[in-house]
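Engineer: the sequence and its predicted three-dimensional model are supplied below.
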Amino acid sequence: MKIRFLGLAFGLAVAVGQPGIAVGAQGNEATAQAVSCTLVKDTYSCDWGVFKKTLTAAKTVAIRSKPMDPGGDRLLNKLVGSLGKEAVTSPEERADLVMVMVPAESSGIFFGPGGRTLATLRIYGRGSLDSRGPLLWAETLDGQPDIPWPSVVYQLVSQFQSRVTGR
C-alpha cells in the first residue's frame, strides 16, 4: 500500500513518499466526523487541514500498538496528554480517535544507504464498539532499518507532536 501526501500550500501540493508527511483526504460530514483519508487504487490520500479540525474537536484517544509494546504505549499516552486529550485505556470504552503504532513490514535484506519506512502512526476515527472507524491520518517515519524499535517509536511520536504544535 502506498501513501500519497497532500500539503496545504495552494490547495493540494503533492509529494509522494516524503518522510514524516502525514496523510488525509477531502471532508465528508456524512457522519459526526470528517473523513480525512480516501483510498484510490492502493494509495491513501489525506488532508492535514481536515484532520487537524477533527483532532482539535476530539476529547478522548485510545492507544494501540502492534505488536503490544508497553514502552510505545507510554510514549503515546504522554503524547495524548500533551495534546490535552484524555487517554482511554479500557477496550470497552469508545474513544473519539484511535492511535495505532505499526512497524513497517520487513522485506528481508536491505541494501543501500537510502532510508525506508520504519513505522507508521495511524490515527482512526470513532467506529463501532468492537472496531475502529475510518483512517484519518498516517504519520510515517523513514530511516535506516538498523534503528532500534524504541528509538523509532520515540522519533515518530516526536515528529507527530512537532507537526501538531508547529515547532
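Structural biologist: Perfect, thanks for sending it.

Engineer: make it CA atoms for all contacts and neighbour counts henceforth
Structural biologist: OK.

Engineer: run through the neighbouring helices and strands of the top helix by length along the chain.
Structural biologist: Ranked by number of residues, the top helix in the chain under DSSP state H is helix 149-165. Other helices and strands packing on helix 149-165, by 3 or more CA pairs under 8 Å, 6 or more residues apart in numbering; DSSP states H and E, are helix 70-82, strand 116-125, strand 135-143.

Engineer: could you rerun that using 10 Å?
Structural biologist: helix 48-57, helix 70-82, strand 97-103, strand 116-125, strand 135-143 (3 or more CA pairs under 10 Å, 6 or more residues apart in numbering; DSSP states H and E).

Engineer: from those, which stretch is densest packed?
Structural biologist: strand 135-143 (a mean of 25; mean count of other CA atoms under 10 Å).

Engineer: give me the below-cutoff pLDDT ranges for the chain.
Structural biologist: 1-35, 67, 91, 107-114, 128-131 (pLDDT under 70).

Engineer: thinking again about what came up before, give me the contacts around the longest helix of the chain.
Structural biologist: Applying CA atoms under 10 Å, 6 or more residues apart in numbering, the set of residues contacting helix 149-165 from outside is 20-22, 48, 52, 55-56, 69, 71-73, 75-76, 78-80, 82-83, 101-103, 118-121, 138-146, 166-167.

Engineer: can you rerun that using 8 Å?
Structural biologist: Contacts with helix 149-165, where a contact means CA atoms under 8 Å, 6 or more residues apart in numbering, come from 20, 52, 71-72, 75-76, 79, 101, 118-121, 139-141.

Engineer: before we move on, what about stretch 59-72?
Structural biologist: Residues lying outside stretch 59-72 but in contact with it, judged by CA under 8 Å, 6+ apart, are 73, 76-77, 80, 85-89, 94-103, 150, 153-154.

Engineer: now with 7 Å?
Structural biologist: Residues from elsewhere that reach stretch 59-72 (CA atoms under 7 Å, 6 or more residues apart in numbering): 73, 76, 80, 85-89, 95-102, 153.
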